[in-house]
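Peer 1: A predicted structure for the sequence below; I have some questions about it.
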Amino acid sequence: MADVLSQNEIDALLKQLSSGELDVEDIEETPLVKIKEYDFSRPAKFSKEHLRTLEIIFEHFGRLLSSNLPAYLRKTVQVEVMNSEAVTYQEFSNALLNPVLLGIVNMSPLSGNIVLEMATNLGFTMIDRLLGGAGEPLDKSREFSEIELSILEKIFNIIISLLREPWANVVEITPYLERIETNSQFAQIISPTEMIAIVTININIGGVEGLINVCLPYITLEDVMDKLNTKYWFSTMQDRDEESYADAIEAVIAKAQIPIAAELGKSTITVMDFINLQQGDIIKLNRKVEDDLDIYVGNMVKFKALPGSSTENYAVKITEIIREEE
């Protein structure tokens, strides 16, 4: 609202105009003030910086999906973050069609839940693949059976467990699946007017494409909103202790299975002798009974050992460790 002139100011202005001290042309028009509209029904709680940081987090999440899901589905999986936007939860829920596939995820220690909405064609493709099929979606959508939901629950748990690493730069979370809903009316986790951020992810499983929409309510992210900026995200990533990566790699290697074989000895015989071998024949080896055996780890000799038994199984007792420098 423009300022209102007092009577004294009006009289002084008229006096200046009549005396010639002030020219009408010198009076500039009051500049128009650009007013920014604000919609109170859609408060701007997510900035462009917040949405961009969420995209970066879920791009990392997408890379984990593309490297982990093929081990279960035995199909190539390509993942791409399409976009992110801020809408009300009512707009999100109104766009859902039944049957729908919704995973309600607890983001402990953050308050509240997030929602993973998976396209039904992806759900049926995963079920078909896990049950030995070619991974083809259904021609016509239908409700999921209890058995199918039980199978999908395992896939959801795998997907949700991959959320920990991408969010580690913002907050250490322990996400877990609370339930799967196939009716959008039973997934009213927040008020319809509450603002949410939606990150849309495109997934291609062996040629079958579908979307996963990640619904992130503001009330869930409120405690970490100041950390959802790229400057903080990258600085935290750079400052992370390198030993944590070494520990993680060591833990994965420690669980790896490797073949170990004990070699009793070697011998060379003719093809004729080999063909004529009978039960009870003796093959002379190049090692004496009291000699240590070579223990191979993969194709490398790593130990020397004596043969023996443990309960009802053959066993060896390590007598020497072969170092690499030896």
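Peer 2: Looks like it arrived, so ask away. A quick note: this is a predicted structure, and the numbers were derived from the prediction, not measured.

Peer 1: what's near enough to touch the residue nearest to Val171 when sequence neighbours are not counted?
Peer 2: Among residues not flanking Val171 along the chain, Val224 sits closest, at 5.1 Å (Cβ to Cβ, 6 or more residues apart in numbering). (C-beta placed from N, C-alpha, C; glycine too.) Val224 makes contact with 110, 170-171, according to Cβ atoms under 8 Å, 6 or more residues apart in numbering.

Peer 1: Filter these down to just the buried residues.
Peer 2: Among the contacts of Val224, the ones that count as buried by 16 or more other Cβ atoms under 10 Å are 110, 170.

Peer 1: Now render the contacts of Val224 as JSON lines, adding distance to Gln257.
Peer 2: Shown next, in JSON lines, are the contacts of Val224 (distance: Cβ to Cβ, whole Å):
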{"residue": "Leu110", "distance to Gln257": "37"}
{"residue": "Val170", "distance to Gln257": "35"}
{"residue": "Val171", "distance to Gln257": "34"}
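
Peer 1: For Gly133, state which of the contacts of Val224 is nearest.
Peer 2: Minimum distance to Gly133 across the contacts of Val224 is 37.5 Å, recorded for Leu110 (Cβ to Cβ).

Peer 1: Secondary structure element for the closest one, which one?
Peer 2: For Leu110, there is no enclosing helix or strand under DSSP states H and E.

Peer 1: Distance of it relative to Ala134?
Peer 2: With the distance defined as Cβ to Cβ, to the nearest Å, Leu110 ends up 39 Å from Ala134.

Peer 1: Can you name the residues in contact with stretch 116-132?
Peer 2: If you take Cβ under 8 Å, 6+ apart as the criterion, stretch 116-132 is touched by 72-75, 96, 99-103, 105, 134-138, 141, 144, 148, 151-152, 155-156, 159-160, 203, 205-206, 208, 210-215.

Peer 1: List the buried residues in that stretch.
Peer 2: Buried residues in stretch 116-132, counting neighbours by 16+ other Cβ under 10 Å, are found at 116-130.

Peer 1: And for stretch 74-85?
Peer 2: 75, 77, 79, 81, 84.

Peer 1: with those in mind, which one is nearest to Leu54?
Peer 2: The closest of the buried residues of stretch 74-85 to Leu54 turns out to be Ser84 (Cβ to Cβ; 5.5 Å).

Peer 1: Confirm for me that the closest one is in contact with Val199.
Peer 2: Yes - counting by Cβ atoms under 8 Å, Val199 is a contact partner of Ser84 at 4.7 Å.

Peer 1: Between the two, which contacts overlap?
Peer 2: Counting by Cβ under 8 Å, 6+ apart, the residues touching both Ser84 and Val199 are 54-55.

Peer 1: leaving aside the residues next to it on the chain, what's closest to Val316?
Peer 2: The shortest distance from Val316 to any non-neighbouring residue, by Cβ to Cβ, 6+ apart, is to Ala305 (3.8 Å).

Peer 1: residues contacting that neighbour?
Peer 2: If you count contacts by Cβ under 8 Å, 6+ apart, Ala305 has them with 262, 292-293, 295, 316-320.

Peer 1: at 10 Å instead, please
Peer 2: If a contact means Cβ atoms under 10 Å, 6 or more residues apart in numbering, then Ala305 has 262, 292-295, 315-320 as its contacts.

Peer 1: what's the weakest-modelled helix or strand in this structure?
Peer 2: Lowest by mean pLDDT, DSSP states H and E among the helices and strands of the chain is helix 230-239, with a mean of 61.

Peer 1: What subset of the contacts of stretch 116-132 is buried?
Peer 2: Buried, going by 16+ other Cβ under 10 Å: 73, 75, 96, 100-103, 105, 135, 137, 144, 148, 151-152, 155-156, 159-160, 203, 205-206, 208, 210, 212-215, out of the contacts of stretch 116-132.

Peer 1: Which members of those residues are positioned in helices?
Peer 2: 73, 148, 151-152, 155-156, 159-160 (DSSP state H).

Peer 1: Reformat those residues as TSV; add distance to Tyr89.
Peer 2: Shown next, in TSV, are those (distance: Cβ to Cβ, whole Å):
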residue	distance to Tyr89
Leu73	31
Glu148	27
Ile151	29
Leu152	23
Ile155	25
Phe156	21
Ile159	22
Ile160	20
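
Peer 1: of those, closest to Phe46?
Peer 2: When these are ranked by distance to Phe46 (Cβ to Cβ), Ile160 comes first, at 22.3 Å.
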